[in-house]
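K.L.:
Fold the following and give me the result.
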Amino acid sequence: MKKNRVLKWTAAAGGILMLIGLLLSAISFPLANFDLSRLFSDGKKHELQTVPLSGKDFSQVELDISFYDIRVEACGKEGPQLTFPKDSDSLEYAIEDGRLSLRESRNNPRNGFSQWYRLIKIPLEENRITLSLPEDFSGEVSMGNSFGSIEVKGLQSLSSLDIRGSNGSVSLSELQVQRDLSFEGDFGSFQLLSSRIGGKLEVENDNGSVTIKETSFSEGDISLSFGSLTLGERGEETGCKSLSTSVKHGSTTLSRITAAEELSVRSEFGSIQLFRVFSEKLDLENQNGQISGTIQGREEDFRIEADTEFGNCSLSPRSQGRYSLKARNEFGDIRLSFLEDSDS
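P.N.:
All right, here's what the predicted structure looks like:
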């Protein structure tokens, strides 16, 4: 009896959602002037304009965008410049008090409900904003994007980099940041490759994978709600002073990570996999999933506290050692071993 009732409610809910979808489709079609192609763009061909820039005019960059992809890159022979759609009436560009800003006005009617179909646009070149800066630009860069991707590449002297993304991927590569790099995202993947961060690397992502490879930093704080974390590569060591990772729902993979002072790895639902990680203070905790892999060093050098409530543990307690290793698990095995320098 209860099963039939659940099925009926499920069917009713599905029917209501389908009706809502059909209604939204019916509304969007006339709003697009009965032109299906406009459902995948804002309805007109944008002509791009390019504004030449001088690095002496500003030391800060602020981009606050809603519906365009953003690319920030090192400039070539053409010099520093900003390229964006010429006829867009929602973009506001200015250089004031040493700050270069480009914003998409939230008050423009084009950004209201009547333009919701821009969320499913096919990405085109004219829907991209490109900022080319000198490779040695040493200012601060901050950017936010609601619906669109962000790419930053090839800048070698940034003071700091702050990124906020709501719905879209973020790709960073070949960067050198003197101080901190921070990212906060809602939906979309985050990728950081071949870079050097002088200060703190802070990543907070709600829904999407995080991949960090060939990148060094002083301190790291990385948290995910839903998605996998991959940090480091087996062929190259990543060194830092301290690192803290937390993944609620998804796997964590750390390869050749050396966190001199402290390494904290936590997970709620998902595996923790380690390959040649080391820290003077190593703290591993999982609730539902296996903890496995290899620790760089000799077992006799570690004080060991290890416990799992429902699972097997390969570690034996040790009360003496220069370094500290704590491993706790509720539902899952702890399978860790030690590799000395001579081991392959």
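
K.L.:
so Leu19 is in which element?
P.N.:
Element membership for Leu19 (DSSP states H and E) is helix 2-31.

K.L.:
The helix or strand following that helix packs against which elements?
P.N.:
If you walk from helix 2-31 toward the C-terminus, the next helix or strand you reach (DSSP H and E) is strand 48-52. With contacts taken as 3 or more CB pairs under 8 Å, 6 or more residues apart in numbering; DSSP states H and E, strand 48-52 sits against strand 81-85. Just so you know, the C-beta spots here come from the backbone N, C-alpha and C atoms, and that holds for glycine as well.

K.L.:
who does the strand it packs on touch, helix- and strand-wise?
P.N.:
strand 48-52, strand 91-96, strand 99-104, strand 128-133.

K.L.:
how about these, which one is nearest Arg276?
P.N.:
Closest approach to Arg276 among those (CB to CB): strand 128-133, 37.1 Å.

K.L.:
Quick check: what element follows the closest one along the chain?
P.N.:
Following strand 128-133 toward the C-terminus (DSSP H and E): strand 140-147.

K.L.:
which neighbours does the helix or strand just after that next one have in its sheet, and in what orientation?
P.N.:
The helix or strand immediately downstream of strand 140-147 is strand 150-153, counting by DSSP H and E. Counting by DSSP bridges, the strands paired with strand 150-153 are strand 69-74 (parallel), strand 170-173 (parallel).

K.L.:
Regarding stretch 190-204, how distant is the last residue from the first?
P.N.:
Terminal residues of stretch 190-204 are spaced 10 Å apart (CA to CA, to the nearest Å).

K.L.:
chain center to it: distance?
P.N.:
9 Å (CA atoms, centre = their mean, to the nearest Å).

K.L.:
and the spatially most central residue of the chain, what does it touch?
P.N.:
Residue closest to the mean C-alpha point of the chain, counted by CA atoms, centre = their mean, is Phe190 at 2.8 Å. Contact partners of Phe190, counting by CB atoms under 8 Å, 6 or more residues apart in numbering, are Ser169, Val170, Phe183, Val203, Asn205, Gly208, Ser209, Val210, Thr211.

K.L.:
same question, Gly311
P.N.:
The contact partners of Gly311, taken as CB under 8 Å, 6+ apart, are Gln290, Asn329, Phe331, Gly332, Asp333, Ile334.

K.L.:
Name the nearest residue to the first one, sequence neighbours excluded.
P.N.:
Spelled out, that is Gln290. Excluding the flanking residues, the one nearest Gln290 by CB to CB, 6 or more residues apart in numbering is Gly332, at 4.6 Å.

K.L.:
Could you list the low-pLDDT ranges of the stretch 1-150 of the chain?
P.N.:
By pLDDT under 70, the weakly predicted segments of the stretch 1-150 of the chain are 1-15, 20-46, 55, 87-89, 106-126.

K.L.:
Give the rounded mean pLDDT of whichever strand or helix holds Glu262.
P.N.:
Here Glu262, judged by DSSP H and E, is contained in strand 257-269. Averaged across strand 257-269, pLDDT comes to 97.

K.L.:
Okay, buried residues for it please.
P.N.:
Ile257, Thr258, Ala259, Glu262, Leu263, Ser264, Val265, Arg266, Ser267, Glu268 (16 or more other CB atoms under 10 Å).

K.L.:
Quick one: list the elements packing against it.
P.N.:
Counting contacts by 3+ CB pairs under 8 Å, 6+ apart, strand 257-269 packs against strand 238-249, strand 252-255, strand 272-279, strand 281-288.

K.L.:
Return the distance of it from the chain's centre.
P.N.:
Centroid separation for strand 257-269 versus its chain: 18 Å, with CA atoms, centre = their mean.

K.L.:
could I get the helices and strands packed on strand 257-269 as JSON lines with mean neighbour count and distance to Asp97?
P.N.:
Compiled in JSON lines, the helices and strands packed on strand 257-269 are given as follows (neighbours: other CB atoms under 10 Å; distance: least, CB to CB, whole Å):
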{"stretch": "strand 238-249", "mean neighbour count": "19", "distance to Asp97": "35"}
{"stretch": "strand 252-255", "mean neighbour count": "22", "distance to Asp97": "43"}
{"stretch": "strand 272-279", "mean neighbour count": "22", "distance to Asp97": "44"}
{"stretch": "strand 281-288", "mean neighbour count": "19", "distance to Asp97": "45"}
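
K.L.:
Dump the ones you listed into a markdown table; add distance to Gly297 as well.
P.N.:
Shown next, in a markdown table, are the helices and strands packed on strand 257-269 (distance: least, CB to CB, whole Å):
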| stretch | distance to Gly297 |
| --- | --- |
| strand 238-249 | 15 |
| strand 252-255 | 15 |
| strand 272-279 | 6 |
| strand 281-288 | 10 |
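
K.L.:
out of the ones you listed, nearest to Ala94?
P.N.:
Ala94 lies closest to strand 238-249 among those, at 38.1 Å (CB to CB).

K.L.:
hmm, which of the contacts of Phe190 are the buried ones?
P.N.:
Among these, the ones that count as buried by 16+ other CB under 10 Å are Ser169, Val170, Phe183, Val203, Asn205, Gly208, Ser209, Val210.
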